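Trainee: compute the structure for the input listed below.
(one chain, ligands or ions: 1)
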Amino acid sequence: MWHTGTMHRIALGDFELCVFSDGTYPLDGGAFFGVIPKVMWSKKVAADERNYVTAGLNSLLIRTGRQTVLVETGMGNKLSERMKKFYGQPAKLLDNLSAAGIAPEDIDIVINSHLHFDHCGWNTVRDKNGKIVPTFSQAKYYAPEGEWQYARRPSERDAISYIAENYDPLVESGQMTLLKGGEEIVPGISVQTFRGHTASMQGIIIRGSQNPHPVSAKAAETRVGHRRSSAWLPTACYISDLIPTTAHIDLTWGMAFDLYPLDTIVSKREYYARAIPEKWLTVFTHDPTAPWAYIEQEESGKMVAKEAA
Ligand SMILES: [Zn+2]
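Mentor: From the prediction side, this is the model:
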């Protein structure tokens, strides 16, 4: 097993994808797996004596050849003392980017799938004077408009997950653009709303060009064989909290955090209807060991995650 603390890289057409981790944090296993009994989920994921499991914080870096795009910014370094007691505060993303030679100023675009604190934490930092400033000073930021509207008046149930410092200063300064869903942000990178975890969470869909990288061209041939048509483009999707880890790939294995659990099932079904036949690479936001995989369905109907080469 590899660990997302170290870097993973794959070619997608002529795009390059890398996963960078902000670290791992403890989450209650019951909350992570919703109505699924522990006798079932504990076969897939280990829990400690307090019933905590380990969740990852995976950001996806895309190099398109023109832009450097960062999807999701982890938990960041601005948690309150109370939040730190629950989640710790690994805050490793900038160090991990730096180890790969990437400075915050190198990021051209930041995309947040939704605005929960563990997905947009490094959007901003406090400077020496305590002022909130963008971490990625040169970047244009994008987030779902519905999320931002909701975050202004969240329900009592998930109000703790919204920290205005992560996005309000960016919206106010004009550095963050709000998305309706369906937009193409740069050629090959678009967003689509998948309702379930929240009402407006968006998946980020990445389509490489048809001039594939020599290595991935060979892999694509083996993966889709004779079914490959000229219209096929190598595709990846950062599906965020709709399918947070490889242990959540079954339709009914949703998190207790989901605000609309029945819609999570509908959205997963919709996602698989495209992602499975088109051989999309699925990127997992909270998997501590497998940041991405190809999801397949066996004849029995069981979903399986196949490790990406
Ligand atoms: Zn979330």
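
Trainee: show me the contacts for Asp48.
Mentor: Pro26 (Cβ atoms under 8 Å, 6 or more residues apart in numbering). (Each C-beta comes from the backbone N, C-alpha and C, glycine too.)

Trainee: count the neighbours of Lys306 for me.
Mentor: 12 (other Cβ atoms under 10 Å).

Trainee: does the longest helix seen in the chain reach the ion?
Mentor: Identified as the longest helix of the chain according to DSSP state H is helix 261-275. No - Helix 261-275 lies out of reach of the ion by Cβ under 5 Å from the ion, never closer than 11.6 Å.

Trainee: C-alpha coordinates for that helix, CSV please?
Mentor: This file holds the C-alpha atoms of helix 261-275, laid out as CSV (Å, rounded to 0.1, in the frame of the first residue of the first chain):
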residue,chain,number,x,y,z
PRO,A,261,-28.6,10.7,1.5
LEU,A,262,-31.2,9.5,-1.0
ASP,A,263,-29.8,12.0,-3.5
THR,A,264,-26.3,10.7,-2.8
ILE,A,265,-27.5,7.4,-4.2
VAL,A,266,-29.1,9.0,-7.3
SER,A,267,-26.0,11.0,-8.0
LYS,A,268,-23.6,8.1,-7.6
ARG,A,269,-25.8,6.1,-10.0
GLU,A,270,-25.6,9.0,-12.5
TYR,A,271,-21.9,9.2,-12.0
TYR,A,272,-21.3,5.5,-12.6
ALA,A,273,-23.5,5.5,-15.7
ARG,A,274,-20.8,7.6,-17.3
ALA,A,275,-17.6,6.9,-15.4
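
Trainee: quick one: buried residues of that helix?
Mentor: Pro261, Asp263, Thr264, Ile265, Ser267, Lys268, Tyr271, Tyr272, Ala275 (16 or more other Cβ atoms under 10 Å).

Trainee: pLDDT of stretch 267-286, averaged?
Mentor: Averaged across stretch 267-286, the pLDDT comes to 97.

Trainee: what about that stretch, how long is it end to end?
Mentor: 18 Å (Cα to Cα, to the nearest Å).

Trainee: low-confidence ranges in this protein?
Mentor: 1-7, 210-230, 309 (pLDDT under 70).

Trainee: beta partners for Pro26?
Mentor: Applying DSSP bridges to Pro26 yields these beta-bridge partners: Thr54.

Trainee: correction: Thr124
Mentor: Pro134.

Trainee: quick one: residues contacting it.
Mentor: Thr124 touches Gly76, Lys78, Ile132, Val133, Pro134, Thr135, Glu165, Asn166, Tyr167, Pro169, Leu170, counting by Cβ under 8 Å, 6+ apart.

Trainee: check the gap between Ser137 and the ion for me.
Mentor: Using Cβ to the ion, to the nearest Å, one gets 26 Å for the distance from Ser137 to the ion.

Trainee: measure the nearest residue to that residue once chain neighbours are set aside to the ion for me?
Mentor: In space, Ser137 comes closest to Glu105 once its chain neighbours are excluded; the distance is 6.0 Å by Cβ to Cβ, 6 or more residues apart in numbering. With distances taken as Cβ to the ion, Glu105 is found 28 Å from the ion.

Trainee: so Glu105, which of the three states?
Mentor: Secondary structure for Glu105, judged by DSSP: H, G, I helix; E, B strand; the rest coil, is helix.
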